[in-house]
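S.K.: Next one to model:
(4 chains)
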There are 2 protein chains.
Amino acid sequence: MRTHQLVLHWIEGQLSEGKLAVGGRLPAERTLAEQLQVSRTSVREAIRILEAMGVVRAGVGSGPEAGTVVISDPTAALGSALRLHVATQHLPVSDIVQTRVLLESWAASHAHPDSPELTGAARLLEEMDVDGMAVDDFLALDVRFHLALADAAGNAVVSAMMGSLRESITGYASQLTGNLPDWDATAKRLRTEHREILEAIRNNDGERAAKLVAAHIEGYYREAGVRRS
Amino acid sequence: MRTHQLVLHWIEGQLSEGKLAVGGRLPAERTLAEQLQVSRTSVREAIRILEAMGVVRAGVGSGPEAGTVVISDPTAALGSALRLHVATQHLPVSDIVQTRVLLESWAASHAHPDSPELTGAARLLEEMDVDGMAVDDFLALDVRFHLALADAAGNAVVSAMMGSLRESITGYASQLTGNLPDWDATAKRLRTEHREILEAIRNNDGERAAKLVAAHIEGYYREAGVRRS
DNA sequence: CACGCTCGTGTGGTCTAACCACACTCTAGG
DNA sequence: CCTAGAGTGTGGTTAGACCACACGAGCGTG
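M.R.: Numbers count the residues shown, from 1 in each chain, chains lettered A, B, ... in the order given. Okay, here's the model as predicted:
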């Protein structure tokens, strides 16, 4: 076993045993190196991995923002991993879109109609109603709207996967808008569809919400020219 | 931006531009460090992250297995990320199980009845028919069977996510068997259900296959005492 | 000529020691 | 009492050295 993996296992053990929890802080790198009898280099490699996994955040200086503290951001980890594998062209974009439809349909049909996340979603729709908004700003709000819907279903894993799928193709999605014949018309349609989806969820009509979401996403990508496998 | 991220972006760029593909090799660490005008330490931190993401594999010595070569193993990345976040107790096991049901149901209903993966799945079922097999051996075959079904649906993202979900709770699943009143009876039931699922898929009855898979997974965890949220 | 051993070379793996930038905290001076 | 400065501890980065490993070329021996 390589040295940095030893450090990794030690930290994972501390997490599993509850000796280290979200918001807690790792020992300083030099301290940890001495404790585990390894070099600071190996400790740092382990921390780099945890950072990439969204498990810790490293901050310089001193004070509450400094040091290496435990966080929990699964979306970051899954998102960058998916993005890299898309870059290697071993994960087709069409598969990502298909998975997104699958997850979002499920989330829409399982969303709690009285969830507080839906209030935030409604507010986002109002923000998107400004005419002449920059495309990327619109897309950013769109991402947050869809994430809010996913959160309303109350499954942290589905939320994280949804977010990561979306994150892995943000650059791609931004390019796609160039293929659209008429962005303004598309934006208007998307806004209408958003309202219909939200209304279906609030009316406790999960089945209808799921169908609307699927059509919403598939319609957009079809218009933008992504081939379905 | 930190130095290792510069290296990371450079490599990701090479991947996106196709200058680096699966099977290809990164320049040697010392060479890369000189090219990018950074220290070898920073190069190594970047490579550690890519390795954790399942994008490269580092090998010592010389020859075909040596050097840092580009691979593509999304399952590894997602799996270890999920496992770590389960350790922080920010991803409930019940959510993982629920997501697994969701993905596997979809895969079962979209599996191609004439897919070659199903042949492998059938062979796995035969291997599982040995009485008195060790529990962990049985579970290992069970994982491969379910993965084969997922692969038969032909969506690489769903396959990777499925595998990673399963990987993230293998340790947990092994403990769970201790809660079962009668392992031999459970194993026998699981084998029967596996055959029914496979048969439904081969008969092109996706709807039935999906229902069977959902009942199969949920029944198991219920028997083992995992509370549904 | 054919076989087998040895040594050279290049790879990643690890470690040490030093310095930097940063942000807070304490303290001395106004 | 307030403020400016030194002090302290954090992660960030670098240079240089040495190790273990695996292949392959070259040499020696049969």
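
S.K.: how much space between the residue nearest to A:E196 when sequence neighbours are not counted and DNA strand D?
M.R.: Nearest non-adjacent residue to A:E196, counting by CB to CB, 6 or more residues apart in numbering or on different chains: A:L212, 5.6 Å away. All C-beta atoms are positioned from the backbone trio N, CA, C, and that covers glycine. Taking CB to the nearest atom of the strand, to the nearest Å as the measure, A:L212 falls 44 Å from DNA strand D.

S.K.: thought A:L212 was touching A:L198?
M.R.: No: judged on CB atoms under 8 Å, A:L212 makes no contact with A:L198 at a distance of 9.6 Å.

S.K.: Measure how buried A:G206 is and give me the count.
M.R.: Neighbours of A:G206 under the rule other CB atoms under 10 Å in any protein chain shown: 19.

S.K.: Check which helix or strand the residue positioned nearest the centre of chain A maps to.
M.R.: Central residue of chain A (CA atoms, centre = their mean): A:G163, 2.1 Å from the mean position. Assigned by DSSP states H and E, A:G163 belongs to helix A:156-168.

S.K.: Quick check: which helices or strands does that helix pack against?
M.R.: Applying 3 or more CB pairs under 8 Å, 6 or more residues apart in numbering or on different chains; DSSP states H and E, we find helix A:156-168 packed against helix A:74-87, helix A:93-110, helix A:135-151, helix B:93-110, helix B:156-168.

S.K.: same thing but at 10 Å, please
M.R.: Counting by 3 or more CB pairs under 10 Å, 6 or more residues apart in numbering or on different chains; DSSP states H and E, the packing neighbours recorded for helix A:156-168 are helix A:74-87, helix A:93-110, helix A:135-151, helix B:74-87, helix B:93-110, helix B:156-168.

S.K.: immediately after the shortest one, which helix or strand?
M.R.: Beyond helix B:156-168 on the C-terminal side, the first helix or strand identified by DSSP H and E is helix B:170-176.

S.K.: Tell me how far the next helix or strand after that following helix lies from the chain's centre.
M.R.: Counting by DSSP H and E, the next helix or strand C-terminal to helix B:170-176 is helix B:183-202. Distance of helix B:183-202 from the chain centroid (CA atoms, centre = their mean, to the nearest Å) equals 21 Å.

S.K.: Not counting residues beside it along the chain, what's closest to A:V69?
M.R.: Counting by CB to CB, 6+ apart, A:R25 is the residue found nearest to A:V69 once chain neighbours are left out, at 4.9 Å.

S.K.: Quick check: pLDDT value at the one you found.
M.R.: At A:R25, the pLDDT value in this model is 97.

S.K.: mind listing what it touches?
M.R.: Residues near A:R25 by CB atoms under 10 Å, 6 or more residues apart in numbering or on different chains: A:56, A:64, A:66-70.

S.K.: Could you tell me which residues within the helix holding A:G163 count as buried?
M.R.: Neighbour-count burial for helix A:156-168, counted by 16 or more other CB atoms under 10 Å in any protein chain shown, picks out A:156-168.

S.K.: so the residue nearest to A:E196 touches A:I197, yeah?
M.R.: Yes: A:L212 is within contact range of A:I197, at 4.8 Å (criterion: CB atoms under 10 Å).

S.K.: thinking again about what came up before, nearest to B:L20, of the buried residues of helix A:156-168?
M.R.: Of all the buried residues of helix A:156-168, A:S168 has the smallest distance to B:L20: 18.4 Å, by CB to CB.

S.K.: Retrieve the pLDDT associated with that closest one.
M.R.: For A:S168, the predicted pLDDT is 93.

S.K.: Then A:R227?
M.R.: Reported pLDDT for A:R227: 71.

S.K.: Around the nearest residue to it once chain neighbours are set aside, how many other residues sit close by?
M.R.: The shortest distance from A:R227 to any non-neighbouring residue, by CB to CB, 6+ apart, is to A:S94 (6.3 Å). Neighbour count of A:S94, defined by other CB under 10 Å: 16.

S.K.: With respect to chain B, which of the contacts of A:R25 is nearest?
M.R.: Relative to chain B, the closest of the contacts of A:R25 is A:V70; by CB to the nearest CB it sits at 6.7 Å.

S.K.: Phi, psi for that closest one please.
M.R.: Dihedral angles phi and psi of A:V70 (degrees, to the nearest 10) take the values phi -80, psi 130.

S.K.: how many neighbours does it have?
M.R.: Using other CB under 10 Å, the number of residues around A:V70 comes to 20.

S.K.: circling back to that earlier point, how about the residue nearest to A:E196, what does it touch?
M.R.: For A:L212, the contact set (CB under 10 Å, 6+ apart) comprises A:105, A:108, A:193-194, A:196-201, A:205.

S.K.: Confidence-wise, which helix or strand of chain A is lowest on average?
M.R.: helix A:170-176 (a mean of 90; mean pLDDT, DSSP states H and E).

S.K.: what sits up against it?
M.R.: Here helix A:170-176 makes contact (CB under 10 Å, 6+ apart) with A:79, A:83, A:86, A:93, A:96-97, A:135-136, A:139-140, A:142-143, A:166, A:169, A:220-221, A:223-226, B:16.

S.K.: Just the buried ones from those, in PyMOL syntax?
M.R.: Here is the PyMOL command that selects the buried residues among these (16+ other CB under 10 Å):
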select buried, (chain A and resi 79+83+86+93+96+97+139+140+142+143+166+169+220+221+223+224+226) or (chain B and resi 16)
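
S.K.: which of the contacts of helix A:170-176 are close to DNA strand C?
M.R.: Near DNA strand C, taking CB under 7 Å from any atom of the strand as the test, no member of the contacts of helix A:170-176 is found.

S.K.: ok, back up a step: give me the lowest-pLDDT entry from the contacts of A:R25.
M.R.: Ranked by pLDDT, the contacts of A:R25 bottom out at A:P64 (91).

S.K.: what's the distance between that one and A:G23?
M.R.: Going from A:P64 to A:G23 by CB to CB, to the nearest Å gives 10 Å.

S.K.: how about the closest residue in space to A:H216 that isn't next to it in sequence, what does it touch?
M.R.: Using CB to CB, 6+ apart and skipping residues adjacent in sequence, the residue nearest A:H216 is A:E193, 4.6 Å away. If you count contacts by CB under 10 Å, 6+ apart, A:E193 has them with A:212-213, A:215-217, A:219-220.

S.K.: go on, A:Q98?
M.R.: Contacts here follow CB under 10 Å, 6+ apart; on that basis A:Q98 touches A:92, A:217-218, A:221, A:228-229, B:106, B:110, B:153-155, B:157-158.

S.K.: what would those residues look like in CSV with distance to A:V60?
M.R.: As requested, the contacts of A:Q98 are arranged in CSV below (distance: CB to CB, whole Å):
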residue, distance to A:V60
A:P92, 40
A:I217, 41
A:E218, 46
A:Y221, 42
A:R228, 47
A:S229, 46
B:W106, 45
B:H110, 49
B:A153, 46
B:G154, 47
B:N155, 42
B:V157, 37
B:V158, 40
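
S.K.: Show me which of the residues you listed are buried.
M.R.: Of the contacts of A:Q98, these count as buried by 16+ other CB under 10 Å: A:92, A:217-218, A:221, B:106, B:110, B:153-155, B:157-158.

S.K.: That's all I had, so thanks and see you.
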